[in-house]
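Participant: Sequence first, predicted coordinates after that:
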Amino acid sequence: MTLVDSHTHLYDMKKGYALPPDIFPVVVGYSHTSNHKALECARAGGYPVVLGIAPQTTVKEGISKIDEWVAFIRESRPNAIGEVGLDYKWAQSAEQVENEKLAFARMVALAKEMGLPLVIHSRDNPGDNGLPKDAIEDILDMVGAAGGLRLLMHFFSGSAEQAARVVAMGGYISVAHIRSKERRKVINSVPLDRLLVESDSPYIGRTPETVREAAAYIAEVKGIGIEEAARVTTENAMRFFGFRL
């Protein structure tokens, strides 16, 4: 039984880590530096690679080098553009919010140009600081306005209603092993053929092996066997990222 870990930063694992043979990773970047590492790691292992500029990167580094970053992604010909999106929890000023939006717009345009899907990082603003709150809604508005783009909401933290909007746009939802009442509602409401599993290792799951727990979570909520959850989420990942095992 092979499980596809649809989102791992495998290059950031501790030295000496050995990937189990039953787990196949999709290696994901989030900054210009990590994109280089992700590409090298993926090429060495024969894995799919996802390259992009995440919103938290724009908060830390600004966007003055966005042209250079875009050029590298374009030349590298990844399987998808990501992780990209909006993260209003990180943004501490109106300028940072604007930089996030400008960078995301460039990533959306690049995905459109290259005919690639988007892997989305999304996090709403939980505070009361006068800055925008609804990152997920803004993301879906921007992607919807571009038209014709496939998307995967990575480590989705939104509501079942927002998940329904993603599915209606032809999108997919990625599930990690962490449980919550809202995530259970999302898994229950989203069709099985629109669900993927991920570890987001080493930052959320410590290792890619946590996708086994994510698959077990889907199986539990859906009332199916873990083998079926593994099979269908693997098929979904291959279809979304355009590879075969």
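Facilitator: The structure has been received and is ready for your questions. Keep in mind that what you see is a predicted model, and the values were worked out from it rather than measured.
Participant: My reading is that P25 is in a helix; is that accurate?
Facilitator: No. P25 is assigned strand when assessed by DSSP: H, G, I helix; E, B strand; the rest coil, not a helix.
Participant: For it, give its distance to I226.
Facilitator: P25 is 19 Å from I226, where distance means CB to CB, to the nearest Å. Bear in mind the C-beta positions are built from the backbone N, C-alpha and C, glycine included.
Participant: neighbour-wise, which of these two wins?
Facilitator: Set side by side, P25 and I226 show more neighbours around P25, with 26 against 16, by other CB atoms under 10 Å.
Participant: Count the neighbours of G127 for me.
Facilitator: 11.
Participant: Kindly apply the preceding question to P202 instead.
Facilitator: Neighbours of P202 using other CB under 10 Å come to 16.
Participant: what's the answer for R194, then?
Facilitator: Under the criterion other CB under 10 Å, the count of neighbours that R194 has is 18.
Participant: How much space separates it from E235?
Facilitator: Distance from R194 to E235, by CB to CB: 11 Å.
Participant: Please write out the alpha-carbon positions of stretch 140-147 in CSV.
Facilitator: Once non-C-alpha atoms are left out, stretch 140-147 reads as follows in CSV (Å, rounded to 0.1, in the frame of the first residue of the first chain):
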residue,chain,number,x,y,z
LEU,A,140,-10.6,31.9,-3.7
ASP,A,141,-11.7,35.2,-5.2
MET,A,142,-8.3,35.8,-6.8
VAL,A,143,-8.0,32.2,-8.2
GLY,A,144,-11.6,32.3,-9.4
ALA,A,145,-11.0,35.6,-11.2
ALA,A,146,-8.1,34.1,-13.1
GLY,A,147,-10.3,31.3,-14.3
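Participant: from here on, count from 508
Facilitator: Let's use 508 as the start, then, which means that last one is stretch 647-654.
Participant: quick check: mean pLDDT across that stretch?
Facilitator: Averaged across stretch 647-654, pLDDT comes to 96.
Participant: Okay, buried residues for it please.
Facilitator: Neighbour-count burial for stretch 647-654 flags 647, 649-650 (criterion: 16 or more other CB atoms under 10 Å).
Participant: and it, how far from the chain's centre?
Facilitator: 17 Å (CA atoms, centre = their mean, to the nearest Å).
Participant: How about stretch 725-740?
Facilitator: Worked out by CA atoms, centre = their mean, stretch 725-740 lies 20 Å from the chain centre.
Participant: do the same with stretch 664-683
Facilitator: So, by CA atoms, centre = their mean, the centroid of stretch 664-683 is 12 Å from its chain's centroid.
Participant: Start and end of it, how far apart?
Facilitator: Stretch 664-683 has an end-to-end distance of 10 Å (CA to CA, to the nearest Å).
Participant: same thing with stretch 727-735?
Facilitator: First-to-last distance for stretch 727-735 - CA to CA - comes to 11 Å.
Participant: and V728, what helix or strand is that in?
Facilitator: V728 is located in helix 718-729, with elements delineated by DSSP states H and E.
Participant: residues making contact with that helix?
Facilitator: 510-512, 530, 682-684, 686, 691, 694-695, 699, 702, 704-706, 712, 731-733, 735-737, 740 (CB atoms under 8 Å, 6 or more residues apart in numbering).
Participant: ok, then the element right after it?
Facilitator: In N-to-C order, the element after helix 718-729 by DSSP H and E is helix 733-748.
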